[in-house]
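Participant: my questions are about this predicted structure, shown below with the sequence.
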Amino acid sequence: MNSNRSVRVVGPGRAGGAFTSALTNVGWTVLAPVCRGESVADAAQGVDLLLIATPDGAIAEVADSIAPVETTVVAHLSGARGLDVLATHPLRAALHPLTSMPSAEVGAQRLARGAWFALDASSERAMEVVESVVVALGGQSFVVDDEHRSAYHAAAAIASNHVVALLGSAERVAASAGVPLEAYLELVRATIDNIEDLGVIDALTGPVARGDWETVAQHRAAIDPSELALYDALVEAARRVVDSRTGLADETQSTNPRTES
């Protein structure tokens, strides 16, 4: 449905290109983007929303180079940066898509299939505009202010980048047994499904969940020493999940005592 809103993107790379395509597909008026090397001075003129889709380190400099327009919401797509990098603009917002965009094409598809977005804004008007982006794309959103931005983004890195690093370790260890990583990917998908269905605490299975420390010791003896630091750290992380499960069970028992008949 046409939103009767207009947007321009500064930096039409993977993220910027994804938003350009996705918003075009839902009926927004998408003006010609501002590309590298072009002047950004008048980029905020004549649009409801200006999206700065540059690398994080360039956002403040680019924003400072854009002439402020009282009626234009200027937003960045960074998960780690706050509104302070847009300080020269009266209507400021942050619109971070919590999804992976390896290309503009794939990113546009993911933006349009119910993605989550981390929002923040300097005013009700600015928030209303970025919320309308989420609604147009059929997504969901939550607000993360400047104080909590780094923690939010750290969690995103753990959930995405660190999973890749983790599977890199799995691939190397599997290779030592002559097994390809592809054989484990359905296990990974099933684990994600379990987390979605059951939550983290109840989704944990395996030797740590069972308290099977003999198997853990066998693992440690079998894998290359270069993988041990990560393996040990993850065993400890799994123990924290088990402790959470135990603590939750104890709390449930204390709040719902059973009486003997």
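Facilitator: In hand now; what should we look at?
Participant: all contacts plus neighbour counts: C-alpha atoms, from now on.
Facilitator: Will do.
Participant: for the chain, just list every one of the helices.
Facilitator: Secondary structure of the chain (DSSP state H): helices located at 14-25, 59-65, 104-111, 124-136, 149-159, 161-176, 182-198, 200-203, 207-210, 213-222, 228-255.
Participant: against which helices or strands is the first one packed?
Facilitator: For helix 14-25, the helices and strands in contact under the criterion 3 or more CA pairs under 8 Å, 6 or more residues apart in numbering; DSSP states H and E are strand 6-10, strand 29-30, helix 104-111.
Participant: residue 118 contacts residue 95, doesn't it?
Facilitator: Yes: using CA atoms under 8 Å, residue 118 makes contact with residue 95 at a distance of 6.0 Å.
Participant: shared neighbours of the two, which are they?
Facilitator: residue 79 (CA atoms under 8 Å, 6 or more residues apart in numbering).
Participant: give me the most central residue, this protein.
Facilitator: For the chain, the residue nearest the mean C-alpha position is residue 98 (3.0 Å; CA atoms, centre = their mean).
Participant: now do that residue, the pLDDT please.
Facilitator: Residue 98 carries a pLDDT value of 96.
Participant: still on that earlier bit, so which of the helices and strands packed on helix 14-25 is the most packed in?
Facilitator: strand 6-10 (a mean of 24; mean count of other CA atoms under 10 Å).
Participant: now do that strand against helix 14-25, angle only.
Facilitator: 160 degrees (axes from the mean of the first three to the mean of the last three CA atoms, to 10 degrees).
Participant: could I get strand 6-10 in PDB with only the CA atoms?
Facilitator: Taking Å, rounded to 0.1, in the frame of the first residue of the first chain, the C-alpha atoms of strand 6-10 are listed here in PDB:
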ATOM      1  CA  SER A   6       9.300   9.800   0.300                       C
ATOM      2  CA  VAL A   7      12.800   8.700   1.200                       C
ATOM      3  CA  ARG A   8      16.300   9.200  -0.100                       C
ATOM      4  CA  VAL A   9      19.400   7.100   0.800                       C
ATOM      5  CA  VAL A  10      22.900   8.400   1.300                       C
END
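Participant: mind checking how far that strand is from the chain centre?
Facilitator: Its chain's average C-alpha position is 22 Å from that of strand 6-10, according to CA atoms, centre = their mean, to the nearest Å.
Participant: count of residues packed around residue 196?
Facilitator: 11 (other CA atoms under 10 Å).
Participant: should've said residue 101
Facilitator: If you count neighbours by other CA under 10 Å, residue 101 ends up with 17.
Participant: quick check: nearest residue in space to it, chain neighbours excluded?
Facilitator: Closest residue to residue 101 apart from its sequence neighbours, by CA to CA, 6 or more residues apart in numbering: residue 107 at 4.3 Å.
Participant: dump the residue contacts of the one you found.
Facilitator: By CA under 8 Å, 6+ apart, the contact set of residue 107 is 14-15, 18-19, 99-101.
Participant: which of those residues tops the neighbour count?
Facilitator: residue 19 (30 neighbours).
Participant: what residues does it make contact with?
Facilitator: Contacts of residue 19 (CA under 8 Å, 6+ apart): 107-108, 111.
Participant: now with 10 Å?
Facilitator: By CA atoms under 10 Å, 6 or more residues apart in numbering, the contact set of residue 19 is 7-9, 12-13, 25, 30, 51, 53, 77, 97, 104-105, 107-109, 111-112, 133, 137.
Participant: gap between it and residue 233?
Facilitator: 38 Å (CA to CA, to the nearest Å).
Participant: cool, residue 219 as well?
Facilitator: For residue 219, the distance to residue 233 - CA to CA - is 14 Å.
Participant: domains for the chain, by residue range?
Facilitator: 6-146, 160-255 (automatic domain parsing).
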